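S.K.: Here is a sequence together with a model predicted from it:
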Amino acid sequence: MIELRHLRTLMALKESGSLAGAAKKRFVTQSALSHQIKELETRINSAIFVRKSKPLTFTHEGARLLNLAEEILPKVIATESDLKRGLEGESQQLKLGIECHSCFRWLMPVIEQFKQHAPDAQVDISSRHLFDSLNALQTGGLDIVLTSDPVPGHSVAYQHLFDFEVKLVTSSEHPLAKKAYVTPSDLAKETVISYPVPLARLDIYKHFLEPAGVEPGEQKQCDLTSMLLQRVACNDGVSTLPTWSIRESQGLSLAAIKLGAEGLKRPLFGAYRRDATNASLIQKWLELVASEGLALQRVNQ
């Protein structure tokens, strides 16, 4: 019944004090403005101002509508401004949490693409919240978390980006190197080399060994993928990595073996707060990550 143009006309009437002045403010003829006012009065079945009053005096009904206009129009203007600004909106910072050590390398091209799309945005990417990233997300310490292990909750949304395969990596001289795939029992008591992550959080343990009741041997930790692969090549232990990380092993004598006959597939999600104020930045970032994930899958096929 009542439209925004009616409320804007009421504000113009108040500010100008006359039909002629309101028409100028609304960039319409006085005749067109009079027609709009009569239309509104017909809809509410009441006059909105006292005719020929000087200064212009609103009726009780007109005053109620004017109060409504004064309450609603500033909110409409603010919302329109936010929507028009889009990526130039209030928040230009994107704080990223990564629960995947091996993701850093392929995320660099994504950051470059993102900067082209949003040159004024500040991207902060780190693993300092590695073991508490989802809590940091909920409390505002992070804006996005890339994770394979979503935790149900009302305040955080999880957007599926892509799936990836995790494979066992061994020295080419290792007894398991010639197998088409390994079973959990093949890895009993095997030394595992991993990133500095507790054993219980490793994909190979949570989704392969533990369900089968198998315990590995000693866990050795390493910060860098390149160093980890060299240690595996030296038969210091075995490791599990996404296929994109195994591609960094050029020049090393390594074997990549499926975990189970069907392979171990893991999902990657982008987690973000449902009430985020930088939603446009978040969605653009997740779109680019998903696109890069598809490219990685094509390369690894």
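M.R.: Yes, it's here. Residues are numbered from 1 along each chain as shown.

S.K.: For this protein, give me the ranges with low pLDDT.
M.R.: 78, 80-91, 126-131, 298-301 (pLDDT under 70).

S.K.: Longest strand in it, please.
M.R.: strand 156-171 (DSSP state E).

S.K.: tell me the phi and psi of the most far-flung residue of the chain relative to its centre?
M.R.: Ranked by distance from the centre of the chain (Cα atoms, centre = their mean), the top residue is residue 52, with 57.8 Å. Phi and psi for residue 52, reported as degrees, to the nearest 10, are phi 60, psi 20.

S.K.: the helices in the stretch 101-250 of the chain, which residues?
M.R.: 104-117, 133-138, 203-204, 225-233, 243-246 (DSSP state H, counting those that start in this stretch).

S.K.: for this protein, which helix is longest?
M.R.: helix 60-85 (DSSP state H).

S.K.: now for the longest strand of the chain, which elements pack on it?
M.R.: Using 3 or more Cβ pairs under 8 Å, 6 or more residues apart in numbering; DSSP states H and E, the elements in contact with strand 156-171 are helix 133-138, helix 203-204, helix 225-233, strand 239-242, helix 243-246, strand 254-259, strand 264-273, helix 279-300. All C-beta spots, glycine's among them, are computed from the backbone N, C-alpha and C.

S.K.: Partner strands of the fourth one, with direction?
M.R.: Put plainly, it is strand 239-242. Partners of strand 239-242 in the sheet, by DSSP bridges, are strand 156-171 (antiparallel).

S.K.: Going by neighbour count, which residues of the strand it pairs with are buried?
M.R.: Under the neighbour-count criterion of 16 or more other Cβ atoms under 10 Å, strand 156-171 has 156-159, 161-162, 164-171 buried.

S.K.: Rebuild these as a markdown table, extending it with distance to residue 93.
M.R.: Formatted as a markdown table, these follow (distance: Cβ to Cβ, whole Å):
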| residue | distance to residue 93 |
| --- | --- |
| 156 | 19 |
| 157 | 19 |
| 158 | 22 |
| 159 | 20 |
| 161 | 21 |
| 162 | 26 |
| 164 | 28 |
| 165 | 34 |
| 166 | 32 |
| 167 | 36 |
| 168 | 39 |
| 169 | 37 |
| 170 | 42 |
| 171 | 44 |
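
S.K.: nearest to residue 73, of those?
M.R.: residue 157 (31.5 Å; Cβ to Cβ).

S.K.: Could I get the contacting residues of that closest one?
M.R.: 271, 272, 273, 274 (Cβ atoms under 8 Å, 6 or more residues apart in numbering).

S.K.: For the second one, give the beta-bridge partners.
M.R.: In other words, residue 272. residue 144, residue 157.

S.K.: Count the neighbours of it for me.
M.R.: Per other Cβ atoms under 10 Å, the neighbour tally for residue 272 reads 23.

S.K.: which other residues reach stretch 23-42?
M.R.: 2, 5-6, 8-9, 12, 15-16, 19-20, 22, 47-48, 65.

S.K.: Which positions within that stretch qualify as buried?
M.R.: Quick answer for stretch 23-42 (16+ other Cβ under 10 Å): 23, 26, 28, 33, 36, 37, 40, 41.

S.K.: now the last one, what's its secondary structure?
M.R.: Assigned by DSSP: H, G, I helix; E, B strand; the rest coil, the conformation of residue 41 is helix.
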